[in-house]
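1. Pasted the sequence and its predicted model underneath.
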Amino acid sequence: MHRPKAKSRQALTSGVRESDIRKQIKEYLQLKGWFVFYHLQGLGSYPGLPDLQAVKNGQALYIEVKKPGGRQSPKQKQFQQSLESAGGTYILAKSIDDINI
């Protein structure tokens, strides 16, 4: 008889996709009147650039989306530190509940 393998902790949280969380956050902010766009990472992108940027009434938010259990890379942490040192607003969001605006 074949016995299924026990799921790892990572496998248990892998059902939630970052793309789904990102979409929820984007739609929520748009309903609140924010202009929101996705930063597609690729060749020439600023290292550590967050997933989303939202702008409303001259205020800009930079939002890094992670699924539960996800962690920032060293470049993402450096971007956050540099942005916040310059007075910017950075949000690390693992769910829509992390968007407190």
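-> That came in fine, so what should we check first? Residues are numbered from 1 along each chain as shown.
2. Pull out the buried positions in the lengthiest strand in the chain.
-> Assignment by DSSP state E gives strand 59-65 as the longest strand of the chain. Using 16 or more other Cβ atoms under 10 Å as the burial criterion, the residues of strand 59-65 that qualify are 61-65. C-beta here means a position set from N, CA and C on the backbone, and glycine is covered the same way.
3. Would you format the residues you listed as CSV with distance to Tyr46 and pLDDT included?
-> Converted to CSV, these look like this (distance: Cβ to Cβ, whole Å; pLDDT from 0 to 100):
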residue, distance to Tyr46, pLDDT
Leu61, 16, 98
Tyr62, 11, 98
Ile63, 15, 98
Glu64, 13, 98
Val65, 17, 98
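4. and of those, the nearest to Gln24?
-> Of all the buried residues of strand 59-65, Val65 has the smallest distance to Gln24: 9.4 Å, by Cβ to Cβ.
5. State the distance from the residue nearest to Lys26 when sequence neighbours are not counted to Gln53.
-> In this structure, Lys26 finds its nearest non-sequential neighbour in Val36, 4.9 Å apart by Cβ to Cβ, 6 or more residues apart in numbering. Using Cβ to Cβ, to the nearest Å, we find Val36 at a distance of 7 Å from Gln53.
6. and these two? which has more neighbours close in?
-> Comparing Val36 with Gln53 by neighbour count (other Cβ atoms under 10 Å), the higher total belongs to Val36, at 19 against 16.
7. doesn't the residue nearest to Lys26 fall inside a helix?
-> No: when DSSP: H, G, I helix; E, B strand; the rest coil is applied, Val36 is found to be strand, with no helix at that position.
8. send the alpha carbons of the longest helix along the chain over as PDB?
-> Scanning the chain for the helix with the most residues, using DSSP state H, yields helix 18-31. In PDB, the C-alpha atoms belonging to helix 18-31 read as follows (Å, rounded to 0.1, in the frame of the first residue of the first chain):
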ATOM      1  CA  GLU A  18       2.200  35.800  -4.100                       C
ATOM      2  CA  SER A  19       0.500  36.800  -7.400                       C
ATOM      3  CA  ASP A  20      -2.900  36.300  -5.700                       C
ATOM      4  CA  ILE A  21      -2.000  38.400  -2.700                       C
ATOM      5  CA  ARG A  22      -0.500  41.100  -5.100                       C
ATOM      6  CA  LYS A  23      -3.800  41.100  -7.100                       C
ATOM      7  CA  GLN A  24      -5.900  41.600  -4.000                       C
ATOM      8  CA  ILE A  25      -3.700  44.400  -2.700                       C
ATOM      9  CA  LYS A  26      -3.700  46.100  -6.100                       C
ATOM     10  CA  GLU A  27      -7.500  45.900  -6.500                       C
ATOM     11  CA  TYR A  28      -8.100  47.100  -2.900                       C
ATOM     12  CA  LEU A  29      -5.900  50.200  -3.400                       C
ATOM     13  CA  GLN A  30      -7.500  51.000  -6.700                       C
ATOM     14  CA  LEU A  31     -10.900  50.900  -5.000                       C
END
